[in-house]
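Visitor: would you be able to build a 3D model of this:
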Amino acid sequence: MKIVWLKTLKYTVAKSPRRILGWLHFEWNLLFLDKAKLPRPDVIVVSSLSLFTILNGLLLRRKYKCRLVFEVRDIWPLTIIEEGGFNKDNIFVRALSFLEKTAYKRADVIIGTMPNLAEHVKKETGLDRPVFCIPMGVSEDHLSETKPLADDYQSTFFSKPKFRIVHAGTIGITNALEPFFQAAEALKDHSDIEFLMVGDGALKPHFQKVYGHLPNLVFAPKVSRDRVQSVLVNADILYFSVYPSKVWDYGQSLNKVIDYMLAGKPIVASYSGYPSMINEADCGVYVPAGDVDSLVACILDMKSKSPGDRNDMGMRGRRWLLEERNYPKLAKGYMDAIFERRH
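Guide: Numbering: from 1, shown residues only. Reported below is the predicted structural model:
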């Protein structure tokens with residue numbers, strides 16, 4: 001496989017004008033790239049972001065008379081309207097909306113990581129378009145790459161016999177972690193239950209200030225990527241959450257969920273969107289996003305189950321993940337989709 005790198009304007013902050021300028025810089029470089037020495041393609045794949053690339057994709061399809069695939073990893077501009085506070089009438093948002101609709105209407109195939117993307121495409125275009133879900137995948141190699149925790153980390157955070165609810169990841173504005181801390185507060189008199197927050201982020205100091213006094217709440221430092229599984233296997237429940245948002249109406253394929261399922265532990269998720277993965281594998285429970293009472297009730301219900309029942313639940317997730325989301329299976333699905341293979 002030949003890879004051509006196009007250097008573009010660097011940026012350090014995701015929400016910055018330089019990021020947008022970087023997108024435009026990429027399109028300019030791609031437009032004027034000398035393509036004479038490149039092999040003739042069978043398929044052009046435009047992977048968002050950036051949405052601007054659909055324009056170059058349409059030109060390349062016309063040039064090479066080949067198929068054009070539009071790959072959706074984040075639904076824009078819906079994401080920045082719902083979670084970034086942008087008004088739908090903002091001129092930048094309207095421009096992105098035009099590009100999005102153009103991509104949905106004119107691509108030969110649409111592939112997304114979210115399982116209900118077809119509903120969004122129809123809502124935006126009024127058309128039944130060829131939409132396929134090829135979600136994030138996993139390999140058993142991920143397990144062989146796992147390193148053990150340092151002895152002092154293990155002894156500090158996992159030596160006490162507690163029923164542990166663990167969240168591992170960024171402690172940031174978009175992570176909707178308020179229910180986790182509020183549930184810890186509601187269960188503070190349950191001395192055998194511990195809430196463990198593993199990671200760092202912009203809101204960590206705030207949560208430490210507000211909830212750091214709780215006797216059943218522990219903050220642990222982030223670990224390297226190859227030690228995440230070694231943290232997760234020490235949990236009794238793994239937790240993740242999102243804010244209520246129209247973005248989730250079309251489903252999710254989050255790396256966090258993959259990590260959690262791979263650990264073979266039950267999952268509790270504060271999530272009100274289109275259900276997938278956890279319900280398909282029967283390896284956990286969804287509770288309404290932001291509903292602390294439901295979360296507390298779910299935690300207590302999970303605790304009431306036998307360790308064997310919880311282990312069975314968690315292992316169902318791991319088996320399902322390795323069977324349904326392995327790379328060979330996803331690669332075959334991708335090839336079938338882009339070349340319209342039928343079985």
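Visitor: okay, CA-based contacts and neighbour counts for the rest of this
Guide: Fine.
Visitor: okay but Arg94 is in contact with Lys88, surely?
Guide: Yes. Between Arg94 and Lys88 there is a contact under C-alpha atoms under 8 Å: 6.8 Å.
Visitor: tell me, what residue is most central in this protein?
Guide: In the chain, the centroid-proximal residue (C-alpha atoms, centre = their mean) is Leu254; its distance is 2.3 Å.
Visitor: these two touch, right, that one and Pro115?
Guide: No. The criterion here is C-alpha under 8 Å, and Leu254 misses it with Pro115 at 11.7 Å.
Visitor: where does this protein have its least confident helix or strand?
Guide: helix 141-144 (a mean of 76; mean pLDDT, DSSP states H and E).
Visitor: what bits of this protein have low per-residue confidence?
Guide: 341-343 (pLDDT under 70).
Visitor: and it, what are its domains?
Guide: Per automatic domain parsing, the structural domains of the chain span 40-137+327-338, 141-324.
Visitor: same list, those, but as a markdown table with distance to Lys7 please.
Guide: Output for those, formatted as a markdown table (distance: least, C-alpha to C-alpha, whole Å):
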| stretch | distance to Lys7 |
| --- | --- |
| domain 40-137+327-338 | 15 |
| domain 141-324 | 27 |
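Visitor: can you tell which of the ones you listed is closest to Phe32?
Guide: domain 40-137+327-338 (10.2 Å; C-alpha to C-alpha).
Visitor: neighbours around Lys15, how many?
Guide: Neighbour count for Lys15, taken as other C-alpha atoms under 10 Å: 11.
Visitor: any idea which element it lies in?
Guide: Of the helices and strands defined by DSSP states H and E, none includes Lys15.
Visitor: now the residue nearest to Trp248 when sequence neighbours are not counted: phi and psi?
Guide: Leaving aside its chain neighbours, Trp248 sits nearest to Gly273 (4.5 Å; criterion: C-alpha to C-alpha, 6 or more residues apart in numbering). Backbone torsions of Gly273, given as degrees, to the nearest 10, read phi -90, psi -160.
Visitor: for Arg19, find the nearest of the domains of the chain.
Guide: domain 40-137+327-338 (9.9 Å).
Visitor: please consider this matter closed, and thank you.
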